[in-house]
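Colleague: Return atomic coordinates for the entry below.
(one chain, ligands or ions: 2)
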Amino acid sequence: MQKTLVLIKPSAIQRSLVGEVVSRFEKKGLQIIGFKMMTLSDDLLKTHYAHLVEKPFFKRIKDSMQVTPVFAMALKGVDAVEVVRKMSGTTNGRNAAPGTIRGDLSMSVQENIVHTSDSPENAAIELDRFFNKDEIFEYEPLIFPHLYANDEF
Ligand code: UDP
Ligand code: MG
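Modeller: Numbers count the residues shown, from 1 in each chain. Ligands and ions are numbered 1, 2, ... in the order given. Reported below is the predicted structural model:
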């Protein structure tokens, strides 16, 4: 089983789409193993978006992530990193495929509703960045036999 990070961004909170986003992951069969509201500091955002810090538009991305608190969510499932990333859709909401979160809910590159980890390596790093160890919960959902064949997990 893999674990991955989702951030429900201020664009979703302002538009009252938190429940919609959570519901999609729940209905898919991903297990919520951590969930909290938090304010993102300048330092945390510089680390989290290190690949964008040198871009001229970094400040507007950072400001956009600080308009409201965000919800950080840890999800678990077989191949969870790729499944969640695919469910998010490509970065630009206008190009993202219909059926994806961004494709259905966003008209923007920046205001694109969610962050999702892009690889298992980054998922592990990002979960550590947003969650303390005791904020991630291990529990066996009774529904597992109805989500997976017994040799899939
Ligand atoms: N972003 C933006 N303009 C760009 C590239 C990125 O506003 O040209 C924002 C957007 O909110 C995106 C985030 O910065 O989700 C992180 O960018 P990344 O390329 O990592 O995209 P993601 O992994 O979120 O699809
Ligand atoms: Mg990214």
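Colleague: C-alpha only now, for contacts and for neighbours.
Modeller: Fine.
Colleague: May I see the buried residues of stretch 64-75?
Modeller: Buried residues in stretch 64-75, counted by 16 or more other Cα atoms under 10 Å: Met65, Gln66, Thr68, Pro69, Val70, Phe71, Ala72, Met73, Ala74, Leu75.
Colleague: Give me the mean pLDDT for the strand or helix carrying Ser23.
Modeller: Using DSSP states H and E, Ser23 sits in helix 18-28. Mean per-residue pLDDT for helix 18-28: 98.
Colleague: Now find how far off-centre it is within its chain.
Modeller: 11 Å (Cα atoms, centre = their mean, to the nearest Å).
Colleague: Work out the sheet partners of the helix or strand just after that helix and label each with its direction, please.
Modeller: Going down the chain from helix 18-28, the next helix or strand is strand 31-38, by DSSP H and E. When pairing is defined by DSSP bridges, strand 31-38 lines up against strand 70-77 (antiparallel).
Colleague: what angle do the strand it pairs with and helix 18-28 make?
Modeller: For strand 70-77 against helix 18-28, the angle by axes from the mean of the first three to the mean of the last three Cα atoms, to 10 degrees is 0 degrees.
Colleague: ok, strand 70-77 near ligand 1 or not?
Modeller: No: with Cα under 6 Å from any ligand atom as the criterion, ligand 1 is not reached by strand 70-77; the gap is at least 13.1 Å.
Colleague: Which residues does that strand contact?
Modeller: With contacts defined as Cα atoms under 8 Å, 6 or more residues apart in numbering, strand 70-77 is touched by 1-10, 13, 29-40, 127, 130, 136.
Colleague: next helix or strand past that strand?
Modeller: helix 80-88.
Colleague: I'd like to know which elements that next one is packed against.
Modeller: strand 2-8, helix 101-105, strand 114-116 (3 or more Cα pairs under 8 Å, 6 or more residues apart in numbering; DSSP states H and E).
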